[in-house]
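Student: pasting the structure only:
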């Protein structure tokens, strides 16, 4: 029975079959934002956002007001302003971090993360490479996925408000 319980606990953490950064024979060409030095991003962003986005940090669960934001709109990368998620795909996961069933098409790249011993799927903004969070197989329909995001890695743009242009430092 213990073996079944352990498997049930680890199943949501197994890596997902999503587009991986550099896993194919011809990795995507880096965007202008990805060619910017980390120091340039450090000069542009507050220290806490820089730490999460470019040092792959994690904010404390329950610390982001975006976890309880349920208005209509678009969630964008806090570094480069690329649109990442639609509010239509947001749900309350009970984890303390903003969670989504899926990102916008082409918005994310993924890689395998072994920092907690077992493999997880980490995802990054496909435009600037900024770390957003991890994706798990324990979300609701229609995808069964939970894209668990750091709130400091996002900004929310309410519906009806113009999205900001993409930025590079």
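Tutor: Okay, I see it. These numbers come from a predicted model, not from an experiment.
Student: When you work out contacts or count neighbours from here on, use the C-alpha atoms and nothing else.
Tutor: Will do.
Student: end to end, how far does stretch 71-87 reach?
Tutor: 7 Å (C-alpha to C-alpha, to the nearest Å).
Student: Buried residues, it. List them.
Tutor: Judged by neighbour count (16 or more other C-alpha atoms under 10 Å), stretch 71-87 contains these buried residues: 73-87.
Student: So in terms of bridging, what pairs with the closest residue in space to residue 83 that isn't next to it in sequence?
Tutor: Once flanking residues are discounted, residue 83 sits nearest to residue 76: 4.2 Å by C-alpha to C-alpha, 6 or more residues apart in numbering. On the basis of DSSP bridges, residue 76 is bridged to residue 83, residue 155.
Student: Distance of residue 76 relative to residue 99?
Tutor: Taking C-alpha to C-alpha, one finds residue 76 at 14 Å from residue 99.
Student: give me the element the residue sitting nearest the centre point of the chain is part of.
Tutor: Nearest to the geometric centre of the chain sits residue 132, at 3.0 Å (C-alpha atoms, centre = their mean). Following DSSP states H and E, one finds residue 132 within strand 131-136.
Student: following that strand, which helix or strand shows up next?
Tutor: With DSSP H and E, the next secondary element past strand 131-136 is strand 146-149.
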